[in-house]
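*Asks:* got a predicted structure here, sequence first:
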Amino acid sequence: DTEVTQTPKHLVMGMTNKKSLKCEQHMGHRAMYWYKQKAKKPPELMFVYSYEKLSINESVPSRFSPECPNSSLLNLHLHALQPEDSALYLCASSLLLTGEQYFGPGTRLTVT
Amino acid sequence: SQQGEEDPQALSIQEGENATMNCSYKTSINNLQWYRQNSGRGLVHLILIRSNEREKHSGRLRVTLDTSKKSSSLLITASRAADTASYFCATDHSGGSNYKLTFGKGTLLTVNP
């Protein structure tokens, strides 16, 4: 299984809602990543987890809260988002903290 | 910024032609990677070239790296309509646990049938 899955595919939420994005991989990868991508822009790194521990937080606002419950699963909890947070949220994983990254298809988030 | 810069920003060619995209970066790297992204979807890893390598091939892809000029190029030979996508270079500058990839702005390639 060489796939990273993300759910949901699309999400529309109001600014007062709480929602979560989910990412899963069963490749035995020990590093997992969240990226944010706006239209016609490159992906921007948000968080890096290595061996289930947060190793990088790229100064992301606290309304985004990552969680890595186990080595296969990565969540991104969302609360009190702003319309400018609307974007494609991509999850990725890699065997270790280097080398090629495998990306999921992304969650298209719209904040109204 | 360590961000790579791809050039051109957009490239339109006919099927069967070759496509060349370039990437420049500012600080020394551990490796450089190329990714493809079809519209609004996840990225797909194409090739990784390490800082001590100068050229690498994978199928119709050829990547070169010139660390003295801090630049890389991606050549796609005999292009197909299915190659239409955005192409990003990504550079790994970091060490130890402070690992991250920094993506360039991308080249949008359109291959016309």
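*Replies:* The structure has been received and is ready for your questions.
*Asks:* and residue A:98, how many neighbours?
*Replies:* The number of residues packed near residue A:98 is 16, by other C-beta atoms under 10 Å in any protein chain shown. C-betas here are computed from N, CA, C, even on glycine.
*Asks:* mind listing what it touches?
*Replies:* Listed by C-beta atoms under 8 Å, 6 or more residues apart in numbering or on different chains, the contact partners of residue A:98 are B:30-31, B:92, B:99.
*Asks:* with pLDDT as new columns, can the residues you listed be given to me in JSON lines?
*Replies:* Formatted as JSON lines, those follow (pLDDT from 0 to 100):
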{"residue": "B:30", "pLDDT": "88"}
{"residue": "B:31", "pLDDT": "92"}
{"residue": "B:92", "pLDDT": "87"}
{"residue": "B:99", "pLDDT": "75"}
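*Asks:* now the two most distant members of these.
*Replies:* Greatest spatial distance among these (C-beta to C-beta): B:31 and B:99, at 10.9 Å.
*Asks:* find residues that contact each of the two.
*Replies:* A:98, B:92.
*Asks:* thinking again about what came up before, also near chain A: which of the contacts of residue A:98, exactly?
*Replies:* The residues of the contacts of residue A:98 that also fall near chain A, by C-beta under 8 Å from any C-beta of the partner chain, are B:30-31, B:92, B:99.
*Asks:* for the worst-scoring helix or strand of chain B on mean pLDDT, buried residues please.
*Replies:* Least confident helix or strand, chain B: strand B:5-7 with a mean of 79, by mean pLDDT, DSSP states H and E. For strand B:5-7, the neighbour count (16 or more other C-beta atoms under 10 Å in any protein chain shown) marks B:5-6 as buried.
*Asks:* and the strands in the chain, which stretches?
*Replies:* This is for chain A. In chain A, the segments counted as strands under DSSP state E are A:4-7, A:10-13, A:18-25, A:31-37, A:44-50, A:53-57, A:64-70, A:73-79, A:87-94, A:102-103, A:107-111.
*Asks:* sorry, I should have been clearer: chain B.
*Replies:* Ranges of strands within chain B are B:5-7, B:10-14, B:19-24, B:31-37, B:43-50, B:55-58, B:61-66, B:71-76, B:85-92, B:101-103, B:107-112, based on DSSP E.
*Asks:* report how many residues lie close to residue A:73.
*Replies:* 15.
*Asks:* mind listing what the residue nearest the centre of chain A touches?
*Replies:* Nearest to the mean C-alpha position of chain A, by C-alpha atoms, centre = their mean, lies residue A:34 at 3.3 Å. Residue A:34 sits next to A:23, A:45-47, A:66, A:74, A:76, A:89-91 when contact means C-beta under 8 Å, 6+ apart.
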